[in-house]
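K.L.:
below are the sequence and a predicted model; questions follow.
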Amino acid sequence: MDKIEFEKLELNLDEQFYKRCDMFIKLLQQWGKVHNLTASLKYEEIEANILDSVYPLSFIEDFKSFADVGTGAGYPGMLLAIARPDVKAVLIEPRSKRVAFLNFVKSALKLQNVEVVQSRVEDLEFQQFDLITSRAVSNTSLLLDITQNISDDDTSYLFYKGSLCQEEIENAQLQNYEVKKVGEHRNYLYMKRKGLPNGN
């Protein structure tokens with residue numbers, strides 16, 4: 001792992017984070033060859049996805065719990081959990097192969113703060129979370145709708161979006177949000193519950 005890229009973004013992460021990320025990369029490459037977990041298994045591209053996953057920690061407010069909707073191969077939920085081992089992380093993923101991988105990573109990396117749940121988020125009856133995250137799962141309006149059962153008035157949202165971010169903001173009629181743009185395609189949409197229309 002190239003610490004310099006993380007430090008450039010003012011991400012002060014400890015040695016354990018980098019060691020666990022190196023192990024995560026090896027496990028993803030091993031499992032990915034067999035189970036088709038993610039589009040790319042090249043070291044540099046996995047590293048870029050790790051950086052993409054944890055970059056928002058440099059600008060979002062502190063949180064004590066989060067749920068990641070549709071974690072897939074671990075982006076961003078597993079990496080956020082590795083970066084913040086003090087925070088309760090619930091990774092929600094409906095597909096069994098990915099759930100098996102996430103549980104294997106949890107065990108191999110000894111992540112006491114992680115719970116992996118095999119389910120669709122709309123089928124869960126869970127406690128409310130400080131933060132709800134999601135990357136490449138659905139549009140913003142639908143994500144807000146299907147996560148109502150795990151959120152409350154104090155929940156914040158962090159959605160990893162591409163080029164359609166502004167269109168989704170308009171369609172969802174968001175009132176109070178922040179967008180951090182990185183590169184040509186990545187938009188981090190960060191919002192507070194109070195910014196949602198009609199108190200949804």
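P.N.:
Cool, got the structure.
K.L.:
show me what contacts residue 89?
P.N.:
For residue 89, the contact set (Cβ atoms under 8 Å, 6 or more residues apart in numbering) comprises 65-68, 77-78, 80-81, 111, 113-115. No exception for glycine: its C-beta is placed from N, CA and C like everyone else's.
K.L.:
pLDDT averaged over stretch 110-122, what's the number?
P.N.:
Computed over stretch 110-122, the mean pLDDT rounds to 96.
K.L.:
circling back: ok, of the contacts of residue 89, which one's closest to residue 53?
P.N.:
residue 80 (6.3 Å; Cβ to Cβ).
K.L.:
in what helix or strand does that closest one lie?
P.N.:
Counting by DSSP states H and E, the element that carries residue 80 is helix 77-83.
K.L.:
show me what the longest helix seen in the chain packs onto, helices and strands only.
P.N.:
Identified as the longest helix of the chain according to DSSP state H is helix 15-35. Other helices and strands packing on helix 15-35, by 3 or more Cβ pairs under 8 Å, 6 or more residues apart in numbering; DSSP states H and E, are helix 43-54, helix 77-83, helix 96-108.
K.L.:
give me the buried positions along it.
P.N.:
17-18, 20-21, 24-25, 27-28, 31-32 (16 or more other Cβ atoms under 10 Å).
K.L.:
just to revisit the earlier point, deepest-packed of the helices and strands packed on helix 15-35, please.
P.N.:
Greatest average neighbour count among these goes to helix 77-83 (a mean of 26), per mean count of other Cβ atoms under 10 Å.
K.L.:
enumerate every residue touching the residue most central in space within the chain.
P.N.:
By Cα atoms, centre = their mean, the chain has its centre lying nearest to residue 76, at 2.9 Å. Residues near residue 76 by Cβ under 8 Å, 6+ apart: 52-54, 56, 68, 133, 135, 160.
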